[in-house]
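Trainee: Model the following, please.
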Amino acid sequence: MQTFLTDSTCGKCGLVTVQRVNIMENLSIDEKYGVEQIDWSRYPIPNRTKEALKRYIEQGVDVGDFLHAVLTNDLFGSFGRADQENRIHLHDIIMFIHNELPSSAHGSKEAVRKWLEIRDDEFQQSTKPKTLQVISNGTYS
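Mentor: Have a look, this model is predicted:
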C-alpha cells in the first residue's frame, strides 16, 4: 500500500494531528494499474488481437481461447489455438503483453480470473444507479 503522512495544526489549541493517507485509495483502476499509459501501437500485432486485448484490459471482457492461453502462460495452448496470423505474430503478442499490460492482468489463470473480477466489479459500480440524499437545507448531494 502506498501511503504518506499528512499533518495539520489546530488554530485554536495548537494540537498537531498526523494522518496516514492511502494515495491509491482514490485512484481509478486505470490509474492504479497504469492502463492509460499502454502504448497500443508499439508492437505489430493483428488488429483483431489488439482490440480483444484492449477490451480485456479496459472493460474486463474475457478473451478467446488463444489469448487466454497466452495470458495464462500456456505455451502449448498458445501455439495449438493460434491461427496462422497470430502464430506469425506470437512473439510480438507476448512482448506486448509482457512490456505493456499490467503485470497483475496476466501470468496465470488466477491472475486473469482476478483481473476479470476487478474489472467486472468496477463496471458494476459504474452502472449502479446513483441515489440522491436530501440534506436538511433542501439541497441534494
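
Trainee: All the strands of this protein, in order from the start?
Mentor: Along the chain, the segments classed as strands by DSSP state E run 3-9, 16-22.

Trainee: how about low-confidence regions in the chain?
Mentor: Counting by pLDDT under 70, the chain has low-confidence residues at 1-10, 16-36, 123-141.

Trainee: Show me it divided up by domain.
Mentor: Taking automatic domain parsing as the reference, the chain has its domains at 1-27, 34-125.

Trainee: So which of these has the densest surroundings on average?
Mentor: Per-stretch averages of neighbours, counted by mean count of other Cβ atoms under 10 Å, single out domain 34-125 among the domains of the chain, with a mean of 16. All C-beta spots, glycine's among them, are computed from the backbone N, C-alpha and C.

Trainee: Could you double-check that L101 lies in contact with I38?
Mentor: Yes. With contacts counted by Cβ atoms under 8 Å, L101 reaches I38, the gap being 6.8 Å.

Trainee: Mutual contacts of those two, please.
Mentor: Residues touching both L101 and I38 by Cβ atoms under 8 Å, 6 or more residues apart in numbering: I57.

Trainee: what's the distance between Y43 and H91?
Mentor: Separation of Y43 from H91 (Cβ to Cβ, to the nearest Å): 9 Å.

Trainee: so K114 touches H106, yeah?
Mentor: No. Between K114 and H106 there is no contact, the gap being 10.8 Å when judged by Cβ under 8 Å.
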